[in-house]
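Sharing a model prediction with you, sequence too.
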Amino acid sequence: MSDQKLPLDQIIQGDCVQILNTLPEKSIDLIFADPPYNLQLSQELWRPNMTKVDAVNDEWDKFGGFAEYDLFTRDWLTACRRVLKDTGTIWVIGSYHNIFRVGNILMDLGYWILNDIVWVKTNPMPNFRGVRFTNAHETLLWAQKVKGAKYTFNHHAMKSLNDDLQMRSDWEFPLCTGRERIKVNGEKAHTTQKPEALLYRVILSSSNPGDVALDPFFGTGTTGAVAKKLKRRWIGIERDKGYIKVAQARIDAIQADMLSDEFCVFPNKRNRPRIPFGALLENDLLKPGQILYFGKTGDITARILANGTIKHNSITGSIHQVGREIQNAPCNGWEHWYYIDATTGERVVIDRLRETLHENGDQVEASAAGIAANTALTAPSVSPSRTTS
């Protein structure tokens, strides 16, 4: 395999560490890894009706002990770090059997953990012996390669996916069952197949169309299937020929042009030109002396000053500064201050007006630069005193 060319949209058979070491350095945007969990099952499991549980007892999940598993984990995480871009991130999923060991090694290798996500299983397998709590979740660790480096997080896409509420770190999905569960001759094709809904959220949140997502333990190809649907490029590494056959057929069945790119690209507010609050005055969307209301309800108000600051009692400053003083906590003024809509008489968040300017685009670029400079020169500092009305 060429050291300079990525095998895009392909499944490569072989040992993941060996294959990863043939790929170009710093070439991958996103890695999702579902490594062996090292379950260490020592006996068969039976249901109360005396039917045998189809548990994970595959050869790929058997190790000689913790030392052997830790060495294996360190090797593949090191190989992943080499191919990951400095701006890239990695997701690793596991259970209580392995995730704490994985997290320790991640940190030792220099990764910086951004979040731990709990996948809450809505239909977990019971603990049939009744000697422990039902194991109803798995943990995903999301880490960046370089602490402090810029990385992709599509916050607003996640918020939209969650009915316009900020996405939390507890994700509820059922186990992969029914029609989604791939079977061969009536048996599960893979004992730990993950639901596509889980990978959908992972890939949508931390990559963009055209990015390269790699899965070093490809299995039956859930990562590749979802990546293809979301217009990402993908690379799968898998040792088992049987899994590769199932994964390839699964991905080939997905129509490449099911969606055009426009349905997978979302505007990122962080990349937009900055619009200062004062631009709303210059574009006659708000007026000096107009009253703003702090929150959708409540009696706290402020008056707009001509220089783009606002005044609440003895406190004068930006919409963010005054909001921070009022609630004694960090404040995004765009989301906390409201004006009265002249047509409906209802309170409307001022961020709606900023969106209007963004939609108008080039019309505000000149005024934005000018008002920002003027506000910086003329805005008085925030008074340390705090009062509420």
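Arrived safely, thanks for sending. Numbers count the residues shown, from 1 in each chain.

and the residue nearest the centre of the chain, helix, strand or coil?
Geometric centre of the chain, nearest residue: S205, 3.3 Å, by C-alpha atoms, centre = their mean. Following DSSP: H, G, I helix; E, B strand; the rest coil, the label given to S205 is helix.

From S169, how far out is it?
For S205, the distance to S169 equals 11 Å [C-beta to C-beta, to the nearest Å]. Heads up, the C-betas are built off the backbone N, CA and C, glycines and all.

where does this protein have low pLDDT?
1-4, 38-63, 128, 256-263, 265-272, 361-389 (pLDDT under 70).

Give me the domain ranges for it.
10-268, 272-378 (automatic domain parsing).

where along the stretch 251-389 of the chain do the strands fall?
291-294, 301-304, 310-312, 315-317, 337-340, 347-349 (DSSP state E, counting those that start in this stretch).

Figure out which of these is closest to N328.
strand 315-317 (11.9 Å; C-beta to C-beta).

before we move on, back to that, for T139, find the nearest of the strands of the stretch 251-389 of the chain.
When these are compared (using C-beta to C-beta), the closest one is strand 347-349, at 35.9 Å.

partners of that closest one, with directions?
strand 337-340 (antiparallel) (DSSP bridges).

Start from the N-terminal end of the stretch 151-300 of the chain and give the helices.
155-161, 196-206, 222-229, 241-252, 278-282 (DSSP state H, counting those that start in this stretch).

and what of the stretch 1-150 of the chain?
With DSSP H, counting those that start in this stretch as the criterion, the stretch 1-150 of the chain has helices spanning 16-20, 66-83, 99-108.

Turn these into CSV, columns for mean neighbour count and distance to M125.
Converted to CSV, these look like this (neighbours: other C-beta atoms under 10 Å; distance: least, C-beta to C-beta, whole Å):
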stretch, mean neighbour count, distance to M125
helix 16-20, 20, 27
helix 66-83, 18, 23
helix 99-108, 17, 18
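
Mind putting those helices into TSV with distance to W337?
Output for these, formatted as TSV (distance: least, C-beta to C-beta, whole Å):
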stretch	distance to W337
helix 16-20	50
helix 66-83	44
helix 99-108	41
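
and of those, who's closest to L230?
Comparing the helices of the stretch 1-150 of the chain by C-beta to C-beta, helix 66-83 comes nearest, at 20.8 Å.

Contacts for that closest one, please.
16-17, 20-21, 23-28, 31, 33, 35-36, 38, 63, 90, 98, 101-102, 105-106, 108-111, 145, 214, 216 (C-beta atoms under 8 Å, 6 or more residues apart in numbering).

and A329, which of the helices of the stretch 151-300 of the chain is closest to it?
Nearest of the helices of the stretch 151-300 of the chain (C-beta to C-beta): helix 155-161, 19.6 Å.

for the closest one, packing partners?
If contacts are counted by 3 or more C-beta pairs under 8 Å, 6 or more residues apart in numbering; DSSP states H and E, helix 155-161 sits against helix 196-206.

Can you dump the C-alpha atoms of the helix it packs on in CSV for me?
What follows is helix 196-206, C-alpha atoms only, in CSV (Å, rounded to 0.1, in the frame of the first residue of the first chain):
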residue,chain,number,x,y,z
GLU,A,196,-26.7,3.2,13.5
ALA,A,197,-28.4,5.9,15.6
LEU,A,198,-25.4,5.9,17.9
LEU,A,199,-22.9,6.3,15.1
TYR,A,200,-25.1,8.9,13.4
ARG,A,201,-24.7,11.2,16.5
VAL,A,202,-21.0,10.5,16.8
ILE,A,203,-20.2,11.3,13.1
LEU,A,204,-22.6,14.2,12.7
SER,A,205,-21.3,15.9,15.9
SER,A,206,-17.6,15.7,15.2
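
what does that helix contact?
So helix 196-206 is contacted by 30, 32, 89, 91, 119, 140, 142, 151-154, 157-158, 161, 167, 171, 173, 180, 213, 222-223, 225-227, 229-230, 232 (C-beta under 8 Å, 6+ apart).

May I see the PyMOL selection of the buried members of these?
The following PyMOL line selects those of the contacts of helix 196-206 that are buried, judged by 16 or more other C-beta atoms under 10 Å:
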select buried, resi 30+32+89+91+119+140+142+151+152+153+154+157+158+167+171+173+213+222+223+225+226+227+229+230+232
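
Nearest residue to N332 in space, please, no chain neighbours.
H320 (6.6 Å; C-beta to C-beta, 6 or more residues apart in numbering).
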